[in-house]
Each structure stands twice: as structure tokens, then as C-alpha cells.
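> based on what follows, work out the 3D shape:
(chains A and B)
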Amino acid sequence: MKIATFNINGIKARIEALPAWLEAAQPDVVCLQEIKSVDEGFPREVFEAMGFNVETHGQKSFNGVAILSKLPLEDVTRGLAGDDTDEQARWIEATVVGKRAVRVCGLYLPNGNPAPGPKYDYKLAWMARMQARVAELLRLEEPIVFCGDYNVIPQAEDAAKPEAWVGDALYMPQSRAAFRQLVNLGLTDAFRARNQAPGQYSFWDYQAGAWERNNGIRIDHHLLSPQAADLLQDAQIDKQVRAGEKPSDHVPVWIELDA
DNA sequence: ATGTCCTTACCTTAAGGA
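Below you'll find the model as predicted:
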């Protein structure tokens, strides 16, 4: 089962690039972030025509997540527990049944800039809520994948210029500690389990020729429950997508599970 | 580099978010 995560930075803007990548990469499951669309405005028919089941959790203008899957999606839930007043669409879950059943959680973690400030407070509070949800799901002792745009640079080697990110919400010590606490619940960073090389990025800013200078950061991750980690066969970043026509500022990252 | 892109609304131009 090939499970990808892709922050598309707007479904309307990516209505050509996303199907082109789906056709080339042939993923079974794709978690999308920043669809920037309400559910009714998402062009689901484009993806249904390609054989995908489509589940969205959108909002107007900003954020929004979705799951596309060639396998049936069961027990779909939307939103991250822990704050009934939170109206930002950043979390969706579904169970995908292949050879094995896998719970897939698609997430778009808050950016948090500027830090400090209310947006950073929201980021850390959101990460604490995620910690609780992950701990709850891990008790099931099943294959679970938590994938998406984490907006966290885990280590210095995950940035081309780590010194440029000091003081940024994506690289603040508290952000990295909260990410570490998630991992320390017993999760595996799938990409790092397969590839320890520095210079592996999933995002290059549109500004200042970041792509041309390879000034990137690795912020799109798959964290795996122990039972999912047992099934891990591959993990890759589709870097070349960033050089395509009208690209997102993120590229797809995917894993292959024996499931 | 102060460098770009996406979305919306006060809509052909600016603001907010990233």
C-alpha cells in the first residue's frame, strides 16, 4: 500500500499538477493539505474519474485536508479532538483496508509564525491535542500512519540553512521538543528509518530562488505506529515535482507498506 | 535581498497567510 502526503497549496491552483503526479506516481492513498476549499467546492469528480474515493474536510480560503484512496475508506472522522471551539480544518482520519487494515490520519499542523504570539500558542496547543489523540490511537496496537505537513523541522540536517530558521516557529526548540514527544510515544519517522542522508527536503519557498539554490526544509512527514513500522518497505520524496509546471511549494512524500 | 504564490473581497489592487 503506497501512502503519500502532499501539501498542494490550493486545489484550484493545482488542478493540473495534482492529477499529473497521481497518474505518474500511482499512489493507493493520498493525504492532501491546504486544499483551501470548502467541501462542496472540491472538484471530487476529477479524482473519482481516476478511480479514487474522496473524503474532504475543508473550509473557506484557508487550510483544509482531504484523503484520496483507490481502496474503500471506512470510519471517516473529521477534526482533532480536544477543543470544540477550534474551527480550523486540519485533521481527517479513515481506515483503509488492503491486505491489512491501516488507520490513516492526515494532518496539517499550524505554521505558528510569528513566534512568540497567539499563533504560536495555537500551534503548541494543537500539538498537545495531537499528542493525546496519538496516545489514544496507539492503545489499539494496530498499523496507524500519521502523515501530513507538520510545519516542524525536526533536526538541523533537515534544513539547508538551519541558522536562517532560528527563531522561526518551524524550528523553535519548543516546536522540535513537541515533535520529539510525539516520536517518543513510540512512533517511527518513516523517511529517516530508510534514509539518514542530510539535504533531503520536502519544501522550498517560492521566494528568493529557494528551489534553484536548493534552500529547502523537510517538514512533511509520516510517523508510524510500531505495527505500521513493522510493515515499512520504502519511503521516498518526489523532489522532481518541484521543478514541474506551476508547482506547489511542497512536494509529495510517500511510503510503501506491506499492507 | 526588501526577492513569490494563493485566496478573497472593500474585486483590475491590496491584504492576510504561508
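> quick check: closest non-adjacent residue to residue A:48.
Distances taken as CB to CB, 6 or more residues apart in numbering put residue A:54 closest to residue A:48, at 6.1 Å, once the chain neighbours are dropped. C-beta coordinates here come from the backbone N, C-alpha and C atoms, glycine included.
> please, which helix or strand holds the one you found?
Following DSSP states H and E, one finds residue A:54 within strand A:53-57.
> need the three-state assignment for the closest residue to DNA strand B within the stretch 1-150 of chain A.
At 2.6 Å from DNA strand B, residue A:10 is the closest residue in the stretch 1-150 of chain A, using CB to the nearest atom of the strand. Under DSSP: H, G, I helix; E, B strand; the rest coil, residue A:10 falls in the coil class.
> for it, give me the pLDDT.
According to the prediction, residue A:10 has pLDDT 98.
> ok, it touching residue A:35?
Yes - between residue A:10 and residue A:35 there is a contact at 7.4 Å, judged by CB atoms under 8 Å.
> and these two? Which one has more around it.
residue A:35 (28 against 16; other CB atoms under 10 Å).
> is the more buried one in a helix, a strand, or coil?
Quick answer, by three-state DSSP: residue A:35 is coil.
> how about the residues of the stretch 101-250 of chain A near DNA strand B?
A:110, A:111, A:113, A:119, A:205, A:206, A:207, A:208, A:209, A:246 (CB under 7 Å from any atom of the strand).
> report how many residues lie close to the second one.
Neighbour count of residue A:111, defined by other CB under 10 Å: 17.
> what sits closest to it if chain neighbours are left out?
That would be residue A:151: by CB to CB, 6+ apart, it lies 5.0 Å from residue A:111.
> that neighbour reaches residue A:219, doesn't it?
Yes - between residue A:151 and residue A:219 there is a contact under CB under 8 Å: 5.7 Å.
> tell me, what's touching those two both at once?
residue A:170 (CB atoms under 8 Å, 6 or more residues apart in numbering).
> in the stretch 151-259 of chain A, which spans are strands?
Taking DSSP state E, counting those that start in this stretch, the strands of the stretch 151-259 of chain A run over residues A:188-189, A:203-204, A:216-217, A:220-224, A:232-237, A:253-257.
> just put those strands in TSV and tack on mean neighbour count and mean pLDDT.
Formatted as TSV, the strands of the stretch 151-259 of chain A follow (neighbours: other CB atoms under 10 Å; pLDDT from 0 to 100):
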stretch	mean neighbour count	mean pLDDT
strand A:188-189	19	98
strand A:203-204	22	98
strand A:216-217	25	98
strand A:220-224	26	98
strand A:232-237	17	98
strand A:253-257	24	98
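> these: which one's closest to residue A:23?
The closest of those to residue A:23 is strand A:253-257. By CB to CB, the value is 14.5 Å.
> circling back to that earlier point, contacts for the strand holding residue A:54, please.
Outside strand A:53-57, the residues touching it (CB under 8 Å, 6+ apart) are A:35, A:37, A:39, A:42, A:44, A:47-48, A:64-73, A:76, A:78-79, A:89, A:91-92, A:94.
> and that strand with DNA strand B, contact?
No - Strand A:53-57 does not reach DNA strand B (CB under 7 Å from any atom of the strand); its nearest approach is 13.9 Å.
> list the strands paired with that strand, with their directions.
strand A:65-69 (antiparallel) (DSSP bridges).
> average pLDDT for the partner strand?
98.
> and that strand, anywhere near DNA strand B?
No - figure legend: strand A:65-69 not in contact with DNA strand B (CB under 7 Å from any atom of the strand); closest approach 13.2 Å.
> what about the longest helix in chain A?
helix A:118-138 (DSSP state H).
> next structured bit after that one?
Following helix A:118-138 in sequence, per DSSP H and E, is strand A:144-149.
> okay, angle between that next one and strand A:220-224 too, please.
170 degrees (axes from the mean of the first three to the mean of the last three CA atoms, to 10 degrees).
> tell me which strands and helices strand A:144-149 is in contact with?
Judged by 3 or more CB pairs under 8 Å, 6 or more residues apart in numbering; DSSP states H and E, strand A:144-149 is in contact with strand A:2-7, strand A:29-33, strand A:101-108, helix A:118-138, strand A:220-224, helix A:226-229, strand A:253-257.
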